[in-house]
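Colleague: What follows is a predicted structure for the sequence shown.
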Amino acid sequence: MIVYDRLFIGSSWTEPSDPALLDLASPHDRSVIGRAAQARPADVDRAVAAARASFDAGVWRTTPPARRIALLRRFNALREENAEKVAQLISMENGSALWFTRAGQPGLTRQANACLQAAEEFAWEETLASSDPASPVRSVVRREAVGVVAAVIPWNSPFSSATSKIIPALVAGNSVVLKVSPENSLSMGFLAELLERAGLPDGVVSVLPADRETSEYLVSHPQVDKIAFTGSTRAGRRIASIAGEQLKRVSLELGGKSAAVILPDADIDTAVAGLKFGSLLNNGESCIAQTRILAPRGRYEEVVTALRDLVESLKVGDPNDPDTFIGPMIRPDQQQRVRTYIQLGIEEGARLVTGGPQIPEGLEKGNYVTPTVFADVDNSMRIAQEEIFGPVLVVIAYDDEDDAVRIADDSAYGLSGGVWSSDEEHALAVARRIRTGTVTVNGAPVAFDGPFGGFKASGIGREYGAVGLGTYTEYKTITV
């Protein structure tokens, strides 16, 4: 059993204000796998005070960017050296298949390297020549740290969410309080250990597992200058209202209900093989999952049959089993949420192709659901409009290309999506028409040097690369 009985506050381990430890349950069989201290408002006060003091004293923000970059490269190298432990911790906490958490480790490296490369090329300060010969004023434009950053992340992809915020925030010179989900107390405790070993100055970073009430206390704290949040749209709206009242800087990466558009000329077998990952990765507990499958009427049943065969071929079970593709949901309430949506789909009149609300046989002790495919789905149905966050796919027919784009855009969300075609340029043309933050063509991976974020209710602002780094800076202009 893993135990974290202290909190990482201000770059060092300290006693929590509340000595009670939270029991952490395995999604696979609900046995206790660890215990961890949880932050309360008093701990938030200490973390924010440490961040404020370190920022105002300039112990980190005045460090040259090259030195900040070098230290964060050391942190990334430490994570790489411990990739197997990171993968095992996330799998143990989240129920993600171990093959998936292992496969995600190189992605964490690419994500960090893209940010650090952008930082090396970033225009931290530049001089602009006057455009008016009669007034030879020079403008010195600086990019400076925002201040104290409250980074709040969800449970479904903890290391990726954490590093996508703390690396750009820290490399920009900010001090950071990272609020993580209680379910990830073990993996995020280990992340704190890696940050400690990297050698960040006192006060610069804290890692606090905490509940929603404590999270709201953090984002409402008057000494916090910027909020960086990933999570549900409902929570994002609340955070945006707090930020608006207090004029805090804010970036929000929120929910999604992404569409995969299979064009009439697509190779169905190739598309469905790609959707195995694009739609069902991480047990379907992914904000970018392409769970609305848009199929041309002329090939509709071909797509439905291929998806049925795919889903029925996937092993559901113990995340440690190398043959497992889909593991359990993270908590019993999430398991029940997904099962409720499956029942709702039946009641809405969708055709149940495979799956259903029943718990898979032999897996009753864990938080398992049966992967499900619905056909004959109208895009107005709740199962087509609401984020289920589980292995549930809906197949929607379209008449022509314009109709496909209309349906893809007929959503409150706009985070991700995909287009499948044998003609890459044609797929690219369709991708340009869809109003969503990220579109993959024929299953291409997301590029970490390009901006990532959403349209509409999927968020505000962008992460990754130079654009993501820039959101943790303020412009200052000095005229000479």
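Modeller: Thanks, I have it.

Colleague: got the phi/psi numbers for the closest residue to Asp376 other than its chain neighbours?
Modeller: Excluding the flanking residues, the one nearest Asp376 by C-beta to C-beta, 6 or more residues apart in numbering is Arg351, at 4.2 Å. The way it works is simple: take the backbone N, C-alpha and C, and place the C-beta from them, glycine included. Dihedral angles of Arg351 (phi, psi; degrees, to the nearest 10) stand at phi -80, psi 120.

Colleague: Any idea what Arg351 is bridged to?
Modeller: Arg351 has these beta-bridge partners by DSSP bridges: Ala375.

Colleague: That one contacts Val373, correct?
Modeller: No. Counting by C-beta atoms under 8 Å, Arg351 sits too far from Val373 to count as a contact (9.2 Å).

Colleague: hey, where'd the helices end up in the stretch 251-400 of the chain?
Modeller: 268-278, 300-313, 332-348, 382-385 (DSSP state H, counting those that start in this stretch).

Colleague: Next: the stretch 101-250 of the chain.
Modeller: Under DSSP H, counting those that start in this stretch, the stretch 101-250 of the chain gives helices at 105-121, 158-171, 185-198, 212-220, 233-246.

Colleague: Out of the ones you listed, which is closest to Asp403?
Modeller: Across the helices of the stretch 101-250 of the chain, the minimum distance to Asp403, taken as C-beta to C-beta, is reached by helix 233-246, at 26.2 Å.

Colleague: List the contacts of the closest one.
Modeller: The contact list for helix 233-246, computed with C-beta atoms under 8 Å, 6 or more residues apart in numbering, reads 152, 212, 216, 219-220, 222, 227, 229, 248-250, 252, 254-255, 387, 412-413, 457-460.

Colleague: so which of the helices of the stretch 101-250 of the chain is the most packed in?
Modeller: Compared across the helices of the stretch 101-250 of the chain, helix 158-171 shows the largest average neighbour count, a mean of 25 (mean count of other C-beta atoms under 10 Å).

Colleague: by contact count, what packs against it?
Modeller: With contacts taken as 3 or more C-beta pairs under 8 Å, 6 or more residues apart in numbering; DSSP states H and E, helix 158-171 sits against helix 65-81, helix 83-94, helix 105-121, strand 148-152, strand 175-180, helix 185-198, strand 226-230, helix 465-470.

Colleague: could I get the ones you listed as a markdown table with distance to Ile166 and mean pLDDT?
Modeller: Compiled in a markdown table, the helices and strands packed on helix 158-171 are given as follows (distance: least, C-beta to C-beta, whole Å; pLDDT from 0 to 100):
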| stretch | distance to Ile166 | mean pLDDT |
| --- | --- | --- |
| helix 65-81 | 9 | 98 |
| helix 83-94 | 15 | 98 |
| helix 105-121 | 10 | 97 |
| strand 148-152 | 6 | 98 |
| strand 175-180 | 5 | 98 |
| helix 185-198 | 8 | 98 |
| strand 226-230 | 9 | 98 |
| helix 465-470 | 12 | 96 |
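
Colleague: can these go into a markdown table with extra columns for distance to Ile383?
Modeller: What follows is those, written out as a markdown table (distance: least, C-beta to C-beta, whole Å):
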| stretch | distance to Ile383 |
| --- | --- |
| helix 65-81 | 38 |
| helix 83-94 | 24 |
| helix 105-121 | 29 |
| strand 148-152 | 28 |
| strand 175-180 | 30 |
| helix 185-198 | 31 |
| strand 226-230 | 24 |
| helix 465-470 | 32 |
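
Colleague: Ala397: which of those is closest?
Modeller: strand 226-230 (32.9 Å).

Colleague: export that closest one as PDB, just CAs?
Modeller: Only the C-alpha atoms of strand 226-230 are listed here, as PDB (Å, rounded to 0.1, in the frame of the first residue of the first chain):
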ATOM      1  CA  LYS A 226      -4.400  33.200 -13.100                       C
ATOM      2  CA  ILE A 227      -6.500  30.100 -13.200                       C
ATOM      3  CA  ALA A 228      -5.700  27.300 -15.700                       C
ATOM      4  CA  PHE A 229      -8.400  24.600 -15.600                       C
ATOM      5  CA  THR A 230      -9.200  21.400 -17.300                       C
END
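
Colleague: what's that strand in contact with?
Modeller: Against strand 226-230 from outside (C-beta under 8 Å, 6+ apart): 146-154, 161, 164-165, 169, 174, 219, 235-236, 239, 242-243, 248-254, 287, 471-472.

Colleague: Can you tell me how far Gly366 is from Pro328?
Modeller: 4 Å (C-beta to C-beta, to the nearest Å).

Colleague: residue contacts, the spatially most distant residue from the centre of the chain?
Modeller: The centre of the chain is farthest from one residue, Ala134, which by C-alpha atoms, centre = their mean lies 50.9 Å away. By C-beta under 8 Å, 6+ apart, Ala134 lies in contact with nothing.

Colleague: residue contacts, the most centrally placed residue in the chain?
Modeller: The residue lying closest to the centre of the chain (C-alpha atoms, centre = their mean) is Ser161, at 4.8 Å. By C-beta under 8 Å, 6+ apart, the contact list for Ser161 reads Ile153, Pro154, Thr230.

Colleague: Which residue ranges of the stretch 301-450 of the chain form strands?
Modeller: In the stretch 301-450 of the chain, the strands defined using DSSP state E, counting those that start in this stretch lie at 315-316, 324-326, 351-356, 370-375, 392-398, 413-414, 417-420, 440-441.

Colleague: buried stuff in the longest one?
Modeller: When burial is assessed from 16 or more other C-beta atoms under 10 Å, strand 392-398 yields the following buried residues: Val392, Leu393, Val394, Val395, Ile396, Ala397, Tyr398.

Colleague: Mind putting those into TSV with distance to Arg339?
Modeller: TSV is the format used below for those (distance: C-beta to C-beta, whole Å):
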residue	distance to Arg339
Val392	10
Leu393	15
Val394	16
Val395	20
Ile396	22
Ala397	26
Tyr398	29
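
Colleague: Name the nearest residue to Gly274, ignoring sequence neighbours.
Modeller: Gly443 (3.4 Å).

Colleague: Likewise for Tyr300?
Modeller: Ala397 is the one closest to Tyr300 (C-beta to C-beta, 6+ apart), at 4.9 Å.

Colleague: what sits against the one you found?
Modeller: Here Ala397 is in contact with Leu294, Ala295, Pro296, Arg297, Tyr300 (C-beta under 8 Å, 6+ apart).

Colleague: again with Leu252
Modeller: Phe229, Thr230, Gly236, Ile239, Ala240, Gly459, Ile460, Gly461.

Colleague: Next, count neighbours for the first one.
Modeller: When counting by other C-beta atoms under 10 Å, one arrives at 29 neighbours for Phe229.

Colleague: which residues does it bridge with?
Modeller: Under the criterion used (DSSP bridges), Phe229 bridges to Val152, Leu252.

Colleague: and it, how far is that from Asn156?
Modeller: 14 Å.

Colleague: again with the last one
Modeller: Between Gly461 and Asn156 the computed distance is 20 Å (C-beta to C-beta).

Colleague: So those two - more neighbours on which side?
Modeller: The residue with more neighbours, out of Gly461 and Asn156 and counting by other C-beta under 10 Å, is Asn156; that gives 24 against 18.

Colleague: Give the full set of residues in contact with the nearest residue to that one once chain neighbours are set aside.
Modeller: Nearest-residue entry for Asn156: Glu285, 4.6 Å, with adjacent residues in sequence omitted and distances by C-beta to C-beta, 6+ apart. By C-beta under 8 Å, 6+ apart, the residues touching Glu285 are Asn94, Ser96, Asn156, Met329, Ile330, Gln334, Phe389, Gly390.
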